[in-house]
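>>> this one's structure only:
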C-alpha cells in the first residue's frame with residue numbers, strides 16, 4: 001500500500017528484506033500512475049513475484065473510476081509479466097471473455113470474493129467456492145468478516161476440503177477475531193496469507209505485520225501436524241504470551257504455535273474448537289471464572305479458587321482439564337519481594353503470615369491471590385467496585401470486604417500488602433490508578449498484575465512512597481512455567497523466559 005510508484009518500489013524491497021515470498025501491488029492505493037510505463041517499472045523493479053490488484057470501491061478498495069479501464073489495466077499487467085492478478089468474482093466472466101483465450105501461461109488468475117458483513121454458513125461458503133471455480137479461476141480467494149472467533153472454523157473447513165480436492169485456495173477471516181485464519185493458513189492448506197509491512201497500514205482489517213507473522217508466530221514452521229495453543233481473553237491483543245511461548249517452541253523445535261484468541265463466548269469457543277489440534281489454552285480477563293464451568297475436570301486448587309487460567313485438552317480422551325497457575329506465580333513473586341532479592345536469613349520463611357493483604361478485584365486473578373494469601377497465613381481484605389462481589393469473595397476466604405470508593409481512607413495499620421488484580425492502569429489507559437498516592441504510604445509492598453506497561457502509575461507512585469514493588473511481569477513469567485510444562489510435557493526454560501521478557 002503506497003500512494004506513489006517510487007514509494008511502492010521502496011516497499012517492495014523492504015518486503016523482500018523482511019522475508020516475503022510475493023508482493024501484492026495495490027494499484028488502487030496510488031494517487032496516480034501511467035500505464036503501461038509504471039506497471040512495467042513495478043514489475044521490472046520488484047525483487048519478488050508480483051500480484052496485481054486494482055480493487056474498486058464496491059469491493060472494499062479505493063478505485064472509483066471507469067470499469068472498462070480498470071479491467072484493461074489488469075489485462076495489461078498480465079501481458080507485461082505479472083505473476084498473479086486478482087479479479088473480483090462479480091466481473092470475472094466479463095474479464096475472461098475480454099481475454100479471448102489469450103491468457104499468458106505465466107500468470108495465474110485469482111478470482112476473489114470479499115464479504116465485509118459476516119461469514120456465511122458452511123453450505124453457502126461451499127457454493128461460493130464452486131461458483132468461483134466455475135469462472136475458470138486458477139486460484140480461489142474468499143475473505144469474510146468475523147463477528148465471532150468461531151466463524152473462523154468454517155473457513156478452516158472450506159480450506160481443508162479445497163486442499164484435499166486439489167483446489168488452490170486463499171481463505172481468510174478479516175478483523176481481530178479472524179487473526180488465526182491468517183496465522184494458521186499453512187496448517188489447513190491455504191495457498192498463501194497476507195501480511196503488512198507496518199502496523200496500521202493494511203489492505204484488509206486484521207492483517208498481522210510480516211515481522212509478527214514470521215518471527216512472532218514462526219509461520220515457516222507451521223504445518224498440518226502443528227498443535228495450536230493460545231491466550232483466550234477480551235481484550236487480548238496486548239498479551240505477551242505468544243512472545244514467550246513461541247520463542248521457546250522455536251528454540252527447542254516443538255511443533256506448536258501460540259496465538260492471540262479474542263473470545264466473546266468461551267463455552268461456544270470450546271464447543272467449536274474441540275479437536276485435538278487445539279491442544280491447550282491460557283485464559284485471562286474476563287473468562288477465568290466461567291472457564292471452570294467449561295472444564296471436564298479441574299484440579300482441587302482451581303476448584304477452591306473458582307477460576308482457571310490454564311486449560312489442557314487431554315490427547316487420550318479429548319477432555320478439558322483446568323488448573324490455576326496464577327496464585328503460585330503471584331504469591332511467590334510477592335513473597336520474594338518481601339524477602340528481598342538476596343533472601344536474607346532474618347526474614348521468616350512465611351513472609352505473608354499475619355500481614356494485612358489487600359486485594360483489589362474479585363475476578364479470577366483476585367480470587368487466586370486472595371486464596372494464595374490466605375493459604376500463606378495473611379489476613380485478607382477484598383476490594384471491588386461492586387461491594388457485593390467483594391463481600392462474596394471475602395466470605396469464601398474469611399476476610400473483610402470494601403468497596404473501591406473506601407480504599408483511599410482505609411489504613412488501619414502500616415506495613416500492609418496491596419495487590420491490584422484489575423485492568424486499571426493497563427494500556428492504553430496508563431494514567432489510571434486504583435488508589436491515591438497518599439494512601440500508598442501505609443503499604444510495605446505493592447503488586448500490580450498489569451504488565452503492559454511494565455511500570456504502571458500504581459507501581460511508580462508506590463515506589464515514590466518508599467514501598468517495595470513487584471511488577472505483573474514477574475507474575476506473568478512465573479505462572480507460565482507450569483503452563484509450559486503442561487503444554488509440552490517438558491521442563492520450563494526459566495532462563496529463556498526471563499531473557500525473552502527483558503525486552504519488555
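On my side now, so go ahead. Please read all numbers here as calculations on a predicted model, not as lab measurements. Numbering: from 1, shown residues only.

>>> rest of the way, CA atoms for contacts and neighbours
OK.

>>> if you go through the stretch 51-200 of the chain in chain order, where are the helices?
Ranges of helices within the stretch 51-200 of the chain are 67-80, 89-99, 122-134, 151-164, 179-183, 185-188, based on DSSP state H, counting those that start in this stretch.

>>> Of those helices, which stretch is the most buried?
helix 179-183 (a mean of 24; mean count of other C-alpha atoms under 10 Å).

>>> Residues in contact with the biggest helix by length in the chain: which ones?
Counting by DSSP state H, the longest helix found in the chain is helix 472-488. By C-alpha atoms under 8 Å, 6 or more residues apart in numbering, the residues outside helix 472-488 that reach it are 245, 254, 279-280, 282, 310, 312, 325-330, 333, 447-451, 454, 490-494, 497-498.

>>> Just the buried residues of those residues.
For the contacts of helix 472-488, a burial check counting by 16 or more other C-alpha atoms under 10 Å picks out 245, 279-280, 282, 310, 312, 325-330, 333, 447-451, 454, 492, 497.

>>> Need the pLDDT of residue 106.
On pLDDT, residue 106 comes in at 93.

>>> Out of the contacts of helix 472-488, list just those in helices.
245, 326, 327, 328, 329, 330, 333, 494, 497, 498.

>>> give me every residue that touches the nearest residue to residue 261 once chain neighbours are set aside.
Of all residues not flanking residue 261 in the chain, residue 232 sits nearest, at 4.9 Å (C-alpha to C-alpha, 6 or more residues apart in numbering). Listed by C-alpha under 8 Å, 6+ apart, the contact set of residue 232 reads 260, 261, 262, 263, 281, 282, 283, 284, 287.

>>> The same query, at a cut-off of 10 Å, please.
Residue 232 sits next to 239, 259-264, 266, 269, 281-288, 309-310 when contact means C-alpha atoms under 10 Å, 6 or more residues apart in numbering.

>>> Pairing partners for the strand or helix carrying it, with directions?
Using DSSP states H and E, the element containing residue 232 is strand 227-233. If you go by DSSP bridges, strand 227-233 pairs up with strand 256-262 (parallel), strand 278-283 (parallel).

>>> I'd like those as CSV, with mean pLDDT and distance to residue 225 appended.
Formatted as CSV, these follow (pLDDT from 0 to 100; distance: least, C-alpha to C-alpha, whole Å):
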stretch, mean pLDDT, distance to residue 225
strand 256-262, 98, 9
strand 278-283, 98, 11
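
>>> now the ones you listed in TSV, with distance to residue 430?
Formatted as TSV, the strands paired with strand 227-233 follow (distance: least, C-alpha to C-alpha, whole Å):
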stretch	distance to residue 430
strand 256-262	22
strand 278-283	23
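
>>> among those, which is nearest residue 388?
Among those, strand 278-283 comes nearest to residue 388, with 24.5 Å by C-alpha to C-alpha.

>>> Let me know the angle separating the closest one from helix 472-488.
Here strand 278-283 runs at an angle of 160 degrees relative to helix 472-488 (axes from the mean of the first three to the mean of the last three C-alpha atoms, to 10 degrees).

>>> Might you report the residue contacts of the closest residue to residue 443 other than its chain neighbours?
Leaving out its chain neighbours, the residue that sits closest to residue 443 by C-alpha to C-alpha, 6+ apart is residue 416, at 4.4 Å. By C-alpha under 10 Å, 6+ apart, the residues touching residue 416 are 352, 354-358, 379, 440-446, 467.

>>> So how do I select the buried members of these in ChimeraX?
The ChimeraX selection below is limited to those of the contacts of residue 416 classed as buried (16+ other C-alpha under 10 Å):
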select :352,355,356,357,358,379,440,441,442,443,444,445,446,467
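
>>> Now flag whichever of the contacts of residue 416 is closest to residue 85.
Lowest distance from residue 85 to the contacts of residue 416 (C-alpha to C-alpha) belongs to residue 446, with 58.0 Å.

>>> That closest one against residue 457, yeah?
No - between residue 446 and residue 457 there is no contact, the gap being 11.6 Å when judged by C-alpha atoms under 10 Å.

>>> how close does the residue nearest in space to the middle of the chain get to residue 418?
In the chain, the centroid-proximal residue (C-alpha atoms, centre = their mean) is residue 260; its distance is 2.1 Å. Using C-alpha to C-alpha, to the nearest Å, we find residue 260 at a distance of 30 Å from residue 418.

>>> ditto for residue 291
26 Å.

>>> and what of residue 81?
66 Å.

>>> How about the contacts made by the closest residue in space to residue 385 that isn't next to it in sequence?
Distance criterion C-alpha to C-alpha, 6+ apart; nearest residue to residue 385, sequence neighbours excluded, is residue 404 at 4.8 Å. Taking C-alpha under 10 Å, 6+ apart, we find residue 404 in contact with 360, 361, 382, 383, 384, 385, 386, 387, 390, 434, 435.
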